[in-house]
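Undergrad: please find the sequence and the predicted model below.
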There are 2 protein chains.
Amino acid sequence: MGAPPGYRPSAWVHLLHQLPRADFQLRPVPSGFAPREQEYQQALLLVVALAGLGLGLSLIFIAVYLIRFCCCRPPELPGAKSPPPGGGCVTWSCIAALLVGCASIGIGFYGNSETSDGVSQLSSALLHANHTLSTIDHLVLETVERLGEAVGTELTTLEEVLEQRTELVAAARAARRQAEAVAQQLQGLAFWQGVPLSPLQVAEDVSFVEEYRWLAYVLLLLLELLVCLFTLLGLAKQSKWLVIVMTVMSLLVLILSWGSVGLEAASAVGLSDFCSNPDTYILNLTQQETGLSLDILNYYFLCNQAVSNPFQQRLTLSQRALANIHSQLQGLEREAVPQFPSAQKPLLSLEETLNVTEGNFHQLVALLHCRGLHKDYGTALRGLCEDALEGLLFLLLFSLLSAGALATTLCSLPRAWALFPPSDDYDDTDDDDPFNPQQESKRFVQWQSSI
Amino acid sequence: MGAPPGYRPSAWVHLLHQLPRADFQLRPVPSGFAPREQEYQQALLLVVALAGLGLGLSLIFIAVYLIRFCCCRPPELPGAKSPPPGGGCVTWSCIAALLVGCASIGIGFYGNSETSDGVSQLSSALLHANHTLSTIDHLVLETVERLGEAVGTELTTLEEVLEQRTELVAAARAARRQAEAVAQQLQGLAFWQGVPLSPLQVAEDVSFVEEYRWLAYVLLLLLELLVCLFTLLGLAKQSKWLVIVMTVMSLLVLILSWGSVGLEAASAVGLSDFCSNPDTYILNLTQQETGLSLDILNYYFLCNQAVSNPFQQRLTLSQRALANIHSQLQGLEREAVPQFPSAQKPLLSLEETLNVTEGNFHQLVALLHCRGLHKDYGTALRGLCEDALEGLLFLLLFSLLSAGALATTLCSLPRAWALFPPSDDYDDTDDDDPFNPQQESKRFVQWQSSI
């Protein structure tokens, strides 16, 4: 009840997590997330290799298709003007493929921005957690210093003023002991002090990698957009050199697309394994990196009724000690001030310190409660396992669609190109004069056959 | 230091907030957000009216253009076969406009999903705040009940057991008084109890409205996509009836687009006014709706070092009373248990209750601290003023682009239509036989002039 509704693996996570995994010898690999185990790495590399296989198959298919098209052309009858059959189909399939490519670019932009959103959620949650942890340290340090100062100056002055009455000096000494006990208890609360892992550093690293990932995808998307537009332009203008350049560029983008399919599929599979049960992995990793006790980590990572607050004891003891100091100071004020007026100033100053300490203590209780840090953990997980994974799947869809579209384009372009009028005939005529009587009929036939 | 870095108005908010506003008499209106003032409502309605003006102007422009085209055609020479000049330009501008329309649809989908994201952030922050507030109420209720039960049963038993020794009974009575004081102090902490405003209800209302807004935009986007595609199809197939239907549909979508321009512009302007200084408005509104004191609202909405915790006093008093109960129970255990063994059971049970109460108290301190609720407030503001506003601006861009594209299409379609071959000639010929010798030359002239 203390914790807000947390992260739950989505349907995509379950689906991807249930896919079978295998290592290089095709032995099944358990689908728990274990990025440091060789078997698991091999399973992910095998996913990348599947994309490589896809690239190889599509290249072979394109090559076979084009070789068949070049070598097995039906012999043209010498007098026939009609172009080879299927010309219109070729140009239309090329245009349809390019339109699919353009649509996939839209999907890619969406996926890229979604992934980027998810990762920025992750890093902002890390920054917030870092802020909480450093505020705890800072608050403990400040409170302990303030208490130490009060003990060193005001309580010493008080003891000196009251030295004639031993029972009052004893009360002041008791207050000093309690203050020292509070300082000691509080010091134990700064649990992140001296921990080598900094969420700030992790957030910066994540943002750094994400920035370059985002940029790389934007460049790939723009490159594909340019290829689509210039290919369409080349087809519309029937410009042979533009179509040749774009065929080469399409081949390049096809290879890049299959490469990104591999990376995205492996990342999505790895991420789904991580996201299906993140607590255990994160708990172990954090324990290794920070050396913190399992009590504390369980409290923050699980944050439910079953896990008790590991700081409860310290907090209760500090709270009782603070209440005792308060009652001792009140007793001293009642007993000592009428007899020793000079005791009033240090007593008032001590009460002021006590009030500030109690305020800081309540702030510490709030910061140490698992609610805040667990919410950051939930936000980070949702960013990574919902938005970023969804974005990755959109990017995967983009890459697959564009790989398909580019393969179709690569099959169609050389055939469309073969349908273009021979450049010698065409380039010499006046482009702006469509009514050249010699060209008219011939070019209409070409155009008609090309759509 | 206690609060994480909060919401800051973005550059868009500043820019939109600085635009001049005027009422129906064109007197300047201050740009502070005041949705209940007539002047401000008039200023927003004037923004909507501007979009209406845009629609009127574009309709007049289209009408004038088409009338000029119909009536001021250069007289055709009887023998001339050449089509009116500018035919290619018309078809190309129509296709370019449709492509711009398709691109704007992509922008619209992005903007719609961004707005939806922002609003869902807002409602999830409201749900989280509701969870915090109801947990506070629940925790207070539970703790007060538990304390009341302990006072009613265990402390009464204890007093009965110890009735022979008046000083022990006095100690038990003191513990009872302290427990009652704690219960009374705690009851004052459930500040949201009986407040008529429910964040849950607000979140549900917001989600409900957003769902229909999202759906309406998706339908508009799909409608525009269909219009673009079928217009392209009509142009490609030179189908007159399709082009006529699409001209009418374009006119409808043009009107819808200008309508959405008005709504988006007014929402964006209003939202920018709200977002440039949300604290004051929200503070006043919440005070009116809830009747809570300004201390409490300031603490949660500002949450900085300058605003002290309004519950500090109550928390400190409860904490001291709990510590006093603890020391009294310990005293009783030391004094009474050797003489009255039957006192041990109620004492142990009381200590157990005290421990649970202290745990609940720490949880209450954490929940009451401004950090959690202020973070929800920041998330809600960021959702509304960053994501939702950005999405609205993308939607505005979509509407403007599509209005421009549709106006161009509406100007071009009737002219392109005039360039189509007469349907009598065309429809009677075989579509699949491009080599009909009688049609060939004529149709090539038509095609050439249309691109």
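TA: That came in fine, so what should we check first? None of the values given here were measured: they were computed from a predicted structure.
Undergrad: going by C-alpha atoms from here, please, whenever you check contacts or count neighbours.
TA: Will do.
Undergrad: helices along the stretch 1-150 of chain A, start to end?
TA: Taking DSSP state H, counting those that start in this stretch, the helices of the stretch 1-150 of chain A run over residues A:11-18, A:38-71, A:87-150.
Undergrad: got these as CSV, with mean neighbour count and mean pLDDT columns?
TA: Formatted as CSV, those follow (neighbours: other CA atoms under 10 Å in any protein chain shown; pLDDT from 0 to 100):
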stretch, mean neighbour count, mean pLDDT
helix A:11-18, 16, 92
helix A:38-71, 17, 92
helix A:87-150, 21, 88
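Undergrad: now these in CSV, with distance to chain B?
TA: Formatted as CSV, the entries for the helices of the stretch 1-150 of chain A read as follows, by distance: least, CA to the nearest CA, whole Å:
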stretch, distance to chain B
helix A:11-18, 19
helix A:38-71, 24
helix A:87-150, 7
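Undergrad: please produce a markdown table containing those helices, extended by distance to residue B:218.
TA: Converted to a markdown table, these look like this (distance: least, CA to CA, whole Å):
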| stretch | distance to residue B:218 |
| --- | --- |
| helix A:11-18 | 24 |
| helix A:38-71 | 34 |
| helix A:87-150 | 16 |
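Undergrad: so where is chain A shaky, pLDDT-wise?
TA: For chain A, residues meeting the criterion pLDDT under 70 lie at A:1-5, A:73-89, A:422-451.
Undergrad: for whatever residue of it ends up closest to chain B, which non-adjacent residue is closest in space?
TA: Proximity of chain A to chain B (CA to the nearest CA) peaks at residue A:366, 3.5 Å away. In space, and not counting its chain neighbours, residue A:366 is closest to residue B:366: 3.5 Å by CA to CA, 6 or more residues apart in numbering or on different chains.
Undergrad: tell me, how many residues neighbour the one you found?
TA: By other CA atoms under 10 Å in any protein chain shown, the residues close to residue B:366 number 25.
Undergrad: tell me the helix or strand right after the strand or helix carrying it.
TA: Using DSSP states H and E, residue B:366 maps to helix B:344-368. Note on helix B:344-368: by DSSP H and E, the next helix or strand toward the C-terminus is helix B:370-382.
Undergrad: give me the angle between that next one and helix A:370-382.
TA: Put simply, helix B:370-382 runs at 30 degrees to helix A:370-382, going by axes from the mean of the first three to the mean of the last three CA atoms, to 10 degrees.
Undergrad: counting by contacts, list what the helix holding residue B:366 packs against.
TA: In terms of contacts (3 or more CA pairs under 8 Å, 6 or more residues apart in numbering or on different chains; DSSP states H and E), helix B:344-368 is packed against helix A:344-368, helix B:87-150, helix B:156-161, helix B:312-339.
Undergrad: go again using 7 Å as the cut-off
TA: Judged by 3 or more CA pairs under 7 Å, 6 or more residues apart in numbering or on different chains; DSSP states H and E, helix B:344-368 is in contact with helix A:344-368, helix B:87-150.
Undergrad: of all the residues in it, which ones are buried?
TA: Using 16 or more other CA atoms under 10 Å in any protein chain shown as the test for burial, helix B:344-368 gives B:344, B:346-347, B:350-351, B:353-355, B:357-368.
Undergrad: isn't residue A:388 up against residue A:113?
TA: No. The criterion here is CA atoms under 7 Å, and residue A:388 misses it with residue A:113 at 9.2 Å.
Undergrad: can I get the helices and strands packed on helix B:344-368 in TSV with distance to residue B:15?
TA: What follows is the helices and strands packed on helix B:344-368, written out as TSV (distance: least, CA to CA, whole Å):
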stretch	distance to residue B:15
helix A:344-368	37
helix B:87-150	19
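Undergrad: please name whichever of the ones you listed is nearest to residue A:146.
TA: Between residue A:146 and the helices and strands packed on helix B:344-368, the tightest spacing by CA to CA is seen for helix A:344-368, at 7.3 Å.
Undergrad: the closest one: how far from the chain's middle?
TA: Its chain's C-alpha centre and that of helix A:344-368 lie 41 Å apart, by CA atoms, centre = their mean, to the nearest Å.
Undergrad: do the same with stretch A:310-323
TA: Once both centres are worked out by CA atoms, centre = their mean, stretch A:310-323 turns out to sit 39 Å from its chain's centre.
Undergrad: do the same with stretch A:288-308
TA: Here stretch A:288-308 is found 23 Å from its chain centre; the criterion is CA atoms, centre = their mean.
Undergrad: need the residues that contact it.
TA: A:2-3, A:195-197, A:279, A:283, A:309-310, A:370-371, A:373-374 (CA atoms under 7 Å, 6 or more residues apart in numbering or on different chains).
Undergrad: and what about residue A:197, helix, strand or coil?
TA: Classification of residue A:197 using DSSP: H, G, I helix; E, B strand; the rest coil returns coil.
Undergrad: which ones are touching it?
TA: Neighbouring residues of residue A:197 by CA under 7 Å, 6+ apart: A:289-290.
Undergrad: residue contacts, the residue nearest the centre of chain A?
TA: In chain A, the residue lying closest to the centroid (CA atoms, centre = their mean) is residue A:119, at 2.6 Å. Residue A:119 makes contact with A:383-384, A:388 under the criterion CA under 7 Å, 6+ apart.
Undergrad: ok, it to residue A:6 distance?
TA: 18 Å (CA to CA, to the nearest Å).
Undergrad: not counting sequence-adjacent ones, nearest residue to residue A:107?
TA: That would be residue A:398: by CA to CA, 6+ apart, it lies 5.8 Å from residue A:107.
Undergrad: which helix or which strand is home to the one you found?
TA: For residue A:398, the enclosing helix or strand under DSSP H and E is helix A:389-419.
Undergrad: residue numbers of the stretch 201-350 of chain A in contact with chain B?
TA: For the stretch 201-350 of chain A, the residues in contact with chain B (CA under 7 Å from any CA of the partner chain) are A:312, A:319-320, A:323.
Undergrad: how does it look with 8 Å?
TA: Residues of the stretch 201-350 of chain A found near chain B (CA under 8 Å from any CA of the partner chain) are A:312, A:316, A:319-320, A:323-324.
Undergrad: okay if I get those as JSON lines plus neighbour count?
TA: Shown next, in JSON lines, are those (neighbours: other CA atoms under 10 Å in any protein chain shown):
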{"residue": "A:312", "neighbour count": "17"}
{"residue": "A:316", "neighbour count": "19"}
{"residue": "A:319", "neighbour count": "23"}
{"residue": "A:320", "neighbour count": "22"}
{"residue": "A:323", "neighbour count": "23"}
{"residue": "A:324", "neighbour count": "20"}
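Undergrad: all helices for the stretch 151-300 of chain A, in order.
TA: In the stretch 151-300 of chain A, the helices defined using DSSP H, counting those that start in this stretch lie at A:156-161, A:166-187, A:199-237, A:240-276, A:278-290, A:294-302.
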